[in-house]
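> how does the following fold in three dimensions:
(chains A and B)
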Amino acid sequence: MKLLHRSFSSFPSSPLQTFLTIPQLCSNGRLQEALLDMAVLGPNMLGFHDYDALLNTCVNKRALREGQRVHTHMIKTSYFPPTYLRNRLLIFYGKCDRLADAHKVLDEMPDKNVVSWTAMISRYSQTGHSSEALTLFAEMMRADGKPNHFTFASVLTSCSGLSVGKQVHGLIIKWSYDSHIYVGSSLLDMYAKAGRIEEAREVFECLPERDVVSCTAIITAYAQLGLDEEALQVFQKLLSQGMSPNYVTYASVLTALSGLALLDHGKQVHCHVLRRELPFYAVLQNSLIDMYSKCGNLSYARRLFDNMPETERTSVSWNAMLVGYSKHGLGKEVLELFGLMREGKRVKPDSVTLLAVLSGCSHGKMEDTGLSIFDGMIAGDYGVKPDTEHYGCIVDMLGRAGRIEEAFEFVKRMPSEPTAGVLGSLLGACRLHVSVDIGEAVGRRLIEIEPENAGNYVILSNLYASAGRWEDVNSLRAMMLRSAVTKEPGRSWIQHEQTLHYFHANDRTHPRREEVLAKLKEILMKMKQAGYVPDHSCVLYDVDEEQKERMLLGHSEKLALTFGLIATGDGIPIRVFKNLRICVDCHNFAKIFSKVFEREVSLRDKNRFHQIVGGVCSCGDYW
DNA sequence: CTAGGGTTAG
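From the prediction side, this is the model:
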C-alpha cells in the first residue's frame, strides 16, 4: 500500500518529469513527499544526505512532528548516525523548543564535538536557561571540549554574575577570542548588564572592527545605565560611518531619547523607521509607545497602541501604555486600560503590569482601589503574586496619603527586607505628616543601611526639629558629619533650538547663567506679589534663613524655567526635565510661574509628569 | 551543522 502511494507521489507522471531524490524534494519545499519516500524505504535504504536534508528542512520549518518521524525512522531502521547528523538532531529539537530532547541527544552522543556542545549551550542561553548553559559549559571544559568563538559568544549571554563573567573573559583571552566581533559584543553586553560600563566601553574600544550589532550593544549599554548622551553619540557616529541601523538599534536609541525627553529627535527616529519600511516589529512599536509617553505625548502613544494589531500586542505594549498613564497621574485611564487588558485575555498581566496599576492608583489618589487590587493579588485574582516592589508601591501610596500607620504595617509585612527606596519614601511621608515616632524608627533603620545618603539625616533631623527635639537634631548632625555623605547632584534641562541647555544647582556652567540669574531676581518680585512664599523646609542643610532662600533659588529647575522664559516667545509652553524628584518649593514656584507669565509648564521629574496650566498642576499637588 | 545587540518596571 505504502509502496503504491509512493509511486503516485514521486514517480514521474509524464516523460518530462524526472524522478526526484529526497534531498531534491526537500530543497523544493516538498517535505511531505520526502517523508512518504522515507517511510517506504527500509533499513540501509536512506543515507546520510537524505537524513541531513530531511532534518535541515524540519529545522527551518520548525516541524516538530515531522522531525520526530525522521528520528524514529533512524532508530527503527537501526541507522547509526554520525556526529554531524546527531548534531542536526540536537539542533532540530533545540529549535523546536524541546530542550530536554535535545539534551538527551547530546548525552547519548559518543563523539561530541564543539558544535554539539555549542548548539546546546546556545539554545539554553537563547531561551533564558542560564544556569543550564553554564553547567553545560563547565561540563564541556571538564570533558576537554575545545570551545570556539561560537561557544563564547553564546555562553556569555548566560553570565549574569560579574565573577562568572570575568572568569569566562579570562578563558576568552586564553583562547585568543577577545577581539572577535561576536564575542566582543556579547562580552561588552555582559559587563554592561553587571553595571560595569567602564569595562564594557573598553571592550568596545578595543574591537578591531565594528558592525551594527556591536554598536547597538554599546548604545544599549549606555541607555540602560542612563548615560543617554553617550548612547546618542555612538548612534550619530554609526550613522556618519554609513552603517544602517536595524530595529534593535532604533529600539535602544528610543530608550535613550525617552531618558532625555527629546521628543523632536524621537519623532525623527519614527520617521526614519516609517521611511525604511521595516517589518512590523512589536519591540520597535513598544519603544515608540514608550518614547511618546515619556516625552509627554500620550495621545501619540495611544494612537500607536491602538493601531497595533491585537495579535501583535505584547505585555510590554500594555505595560508601556499603563506606565504612561500612571506617570501622568491618570488613575482612571490606568484602570480602564487594565480592564481592557483583562477582558481581552490575549495577554496575561505580569508583575510590571501590576506595578504600573498600583502606582497608577497611587499617583491618581485612589488608595482604596490600590489596596483592593493588592488584596486581589494575594487572593490570586491576577495570576501575579506581589513581590517586594509591589509592597513598596503600597507603602509609598499609603505614606503619601498620610496613612502612616498602615504604611508602617505594610513595611513589616514585606516578604523581604525593605529597600532603602521604600524606607526613604516612608520617611519623607513621616516628615510631611509629622509622624515622629514612626519616622524615627524608619529613619534610624534607613541610616543603618544607607549611611552615605545625606538626605536621610536631613529629613530625620527636620522631623526632630518640628517636634522640638533639638538634642536629637544636634547628635544627628554630628553623625552625618562623621559619615561620608553623598547626594546625587540635581540637574534640569530644557531644549531650545536643537540644543539641550543644562542647569545644575547654583549653576556655574551655563554660558548665559548671569543673564538667567538677573532675570530670576527680576521675576522673583512678581512671583512674591502673586503669592510665592519660599518654603525653607525644602533646604536640606543647616544654614541661616537668608542663605536657605538663596539655595532654594539656585535649584536647577527654577533656572531652567527662567531660561525658558527668556529664550522663548510669549505664550509658548515651557518644557523642563529634571533628573531627581521635584521639591515642594519648586513645584509651588512653577505653579505660580505658569499663572503670572501665562505659560503652560510641563515638568517631567524622575518619577512622573507635572502639566501645569494657570497655576494648577495635573498631579493635584500629590506626587 | 553551532554565534553577539532587544521594548515596559526598579
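> from now on I want contacts and neighbour counts done on CA atoms only, so please keep to that.
Fine.
> secondary structure element holding the closest residue to DNA strand B within the stretch 351-500 of chain A?
Here the stretch 351-500 of chain A gets closest to DNA strand B at one residue, A:V352, 4.9 Å apart by CA to the nearest atom of the strand. In the assignment (DSSP states H and E), A:V352 maps to helix A:351-363.
> which parts of chain A are strands?
With DSSP state E, the ranges of strands along chain A come out as A:491-496, A:499-504, A:574-578, A:601-604, A:609-613, A:616-617.
> give me the contacts around the fourth one.
By CA atoms under 8 Å, 6 or more residues apart in numbering, the surrounding residues in contact with strand A:601-604 are A:573-578, A:590, A:594, A:609-613.
> nearest to DNA strand B, of these?
A:F609 (12.1 Å).
> ok, that closest one - how many residues close by?
When counting by other CA atoms under 10 Å, one arrives at 25 neighbours for A:F609.
> pull the number of nearby residues for the nearest residue in space to it that is not next to it in sequence.
Excluding its sequence neighbours, the residue lying closest to A:F609 (CA to CA, 6 or more residues apart in numbering) is A:H328, at 5.1 Å. The number of residues packed near A:H328 is 25, by other CA under 10 Å.
> give me every residue that touches A:H328.
A:363, A:608-610, A:618-619.
> from those residues, keep the buried residues only.
Listed as buried from the contacts of A:H328 are A:363, A:608-610, A:618-619; burial here means 16 or more other CA atoms under 10 Å.
> what about DNA strand B: which of the residues you listed touch it?
Among these, none lies close to DNA strand B by the criterion of CA under 7 Å from any atom of the strand.
> got a markdown table for the residues you listed, with distance to A:V248 too?
Supplementary listing: the buried ones among the contacts of A:H328 in a markdown table, determined by distance: CA to CA, whole Å:
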| residue | distance to A:V248 |
| --- | --- |
| A:H363 | 32 |
| A:R608 | 26 |
| A:F609 | 27 |
| A:H610 | 31 |
| A:S618 | 34 |
| A:C619 | 34 |
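> closest to A:R477 out of these?
A:R608 (31.7 Å; CA to CA).
> mean confidence score for stretch A:434-447?
Averaging pLDDT along stretch A:434-447 yields 90.
> got the contact list for that stretch?
Contacts of stretch A:434-447 (CA under 8 Å, 6+ apart): A:404-405, A:408, A:420, A:423-424, A:426-427, A:430-431, A:453, A:456-457, A:460, A:463-464, A:466-467.
> okay, and which of the residues you listed map to helices?
Judged by DSSP state H, the subset of the contacts of stretch A:434-447 located in helices is A:404-405, A:408, A:420, A:423-424, A:426-427, A:430-431, A:456-457, A:460, A:463-464, A:466.
> by neighbours, which of these wins?
Counting neighbours by other CA under 10 Å, the top entry in those is A:L427, with 30 neighbours.
> and the contacts of strand A:601-604, which two are furthest apart?
Within those, A:K578 and A:V613 form the most distant pair, 18.6 Å apart (CA to CA).
> pretty sure A:H536 contacts A:E546?
No - the pair A:H536 and A:E546 fails to qualify as a contact (CA atoms under 8 Å) at a distance of 9.7 Å.
> more neighbours: which of these two?
Neighbours were tallied for A:H536 and for A:E546 using other CA under 10 Å; the higher tally belongs to A:H536 (17 against 9).
> near DNA strand B, which residues of the stretch 201-350 of chain A show up?
Within the stretch 201-350 of chain A, the positions adjacent to DNA strand B are A:210-214, A:216-217, A:220, A:224, A:245-249, A:251-252, A:255, A:281-287, A:290, A:315-317, A:319-320, A:323 by CA under 7 Å from any atom of the strand.
> from those residues, list just the buried residues.
With neighbours counted by 16+ other CA under 10 Å, these contain buried members at A:210, A:212-214, A:216-217, A:220, A:224, A:245, A:247-249, A:251-252, A:255, A:282-287, A:290, A:315-317, A:319-320, A:323.
> surely the residue of the stretch 351-500 of chain A closest to DNA strand B meets A:A320?
No - A:V352 lies out of contact with A:A320 (CA under 8 Å); the separation is 9.4 Å.
> report pLDDT for the closest residue in space to A:N286 that isn't next to it in sequence.
Excluding the flanking residues, the one nearest A:N286 by CA to CA, 6+ apart is A:S317, at 5.1 Å. The model reports A:S317 with a pLDDT of 98.
> cool, A:Q498 as well?
At A:Q498, pLDDT is 80.
> burial count for it?
By the criterion of other CA under 10 Å, A:Q498 has 9 neighbours.
> how does chain A divide up, domain by domain?
Following the assignment in automatic domain parsing, chain A carries domains at A:210-313, A:387-487, A:491-617.
> list the residues that contact the residue nearest to A:S130 when sequence neighbours are not counted.
Counting by CA to CA, 6+ apart, A:S130 lies nearest to A:S158, which is 4.5 Å off, once chain neighbours are set aside. For A:S158, the contact set (CA under 8 Å, 6+ apart) comprises A:125, A:128-131, A:133-134.
> cool, and A:Q498?
Counting by CA under 8 Å, 6+ apart, there are no residues that A:Q498 touches.
> ranking helices and strands of chain A by mean pLDDT, which lands last?
The weakest-scoring helix or strand in chain A, judged by mean pLDDT, DSSP states H and E, is helix A:2-10 (a mean of 41).
> list the contacts for the spatially most central residue of chain A?
Central residue of chain A (CA atoms, centre = their mean): A:Q224, 6.9 Å from the mean position. For A:Q224, the contact set (CA under 8 Å, 6+ apart) comprises A:T255.
> quick check, pLDDT for it.
The predicted local confidence for A:Q224 is 94.
> A:S14 too?
pLDDT at A:S14 comes out at 51.
> where does the stretch 1-150 of chain A get nearest to DNA strand B, which residue?
In the stretch 1-150 of chain A, the residue found nearest to DNA strand B is A:V115; the distance is 3.5 Å by CA to the nearest atom of the strand.
> where in chain A is pLDDT low?
For chain A, the stretches with pLDDT under 70 are A:1-17, A:484, A:538, A:540-542.
> who are the packing partners of whichever helix in it runs longest?
Counting residues, the longest helix found in chain A (DSSP H) is helix A:513-529. Secondary-structure packing of helix A:513-529 (3 or more CA pairs under 8 Å, 6 or more residues apart in numbering; DSSP states H and E): helix A:556-567, helix A:584-596.
> mean neighbour count, those helices: which tops it?
helix A:556-567 (a mean of 23; mean count of other CA atoms under 10 Å).
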